[in-house]
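Engineer: got a structure for you, letters missing:
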């Protein structure tokens, strides 16, 4: 296993999003290691991307998106569901990748098809917000250097309000996965 380091995240957001597919999400909380294989993500490209939280500028909520890369940006949506992003690109770019779905690997019993369900199953909540992904509580890792995946590109989910950005192919998933949130 090789933990992903800051240099992995400090790259073009679309490249990071595609490269996250097939990697593993680890969460060590309350003495339990939970692990899931990432099968679906969405890229958010900074303040010019009208679907990105950073499109509303620098706020207390979005401060983490502005960097540095390799940190968890976790927020509550609709007052009900936690969602986890990984911050990407050099500091100041305000870009991130939303983790949409995982394939359960270890100590994950619940449905993981969708960002809120993924967080619930992995016990990810506001306590994770701002944690360094190079740390030992929550991190992403590569288990096999030789694994390749076939990537499907689609529009993001739930961003119709974002004008032309709603039609961009910025959702990526592993072809044939039984764990994606929507085809």
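Structural biologist: Noted; the coordinates are in hand. Keep in mind that this is a model prediction, so the values were computed, not measured.
Engineer: so for the residue located most distally from the centre of the chain, what's the pLDDT?
Structural biologist: In the chain, the residue that sits farthest from the middle, by Cα atoms, centre = their mean, is residue 31; the gap is 23.2 Å. pLDDT, residue 31: 93.
Engineer: begin at 33 from now on, thanks
Structural biologist: In the new numbering, first residue 33, that becomes residue 63.
Engineer: so what's it up against?
Structural biologist: Neighbour list for residue 63: empty [criterion: Cβ atoms under 8 Å, 6 or more residues apart in numbering]. For the C-beta atoms, the positions are set from N, CA and C on the backbone; glycine is no exception.
Engineer: what's the separation between it and residue 172?
Structural biologist: The gap separating residue 63 from residue 172 is 21 Å, by Cβ to Cβ, to the nearest Å.
Engineer: how many neighbouring residues does residue 34 have?
Structural biologist: Around residue 34 there are 11 other residues, counting by other Cβ atoms under 10 Å.
Engineer: so it sits right up against residue 171, yeah?
Structural biologist: No - taking contacts as Cβ atoms under 8 Å, residue 34 lies outside contact range of residue 171: 10.7 Å.
Engineer: what pLDDT does residue 177 get?
Structural biologist: For residue 177, the predicted pLDDT is 69.
Engineer: oops, could you answer that again for residue 171 instead?
Structural biologist: 98.
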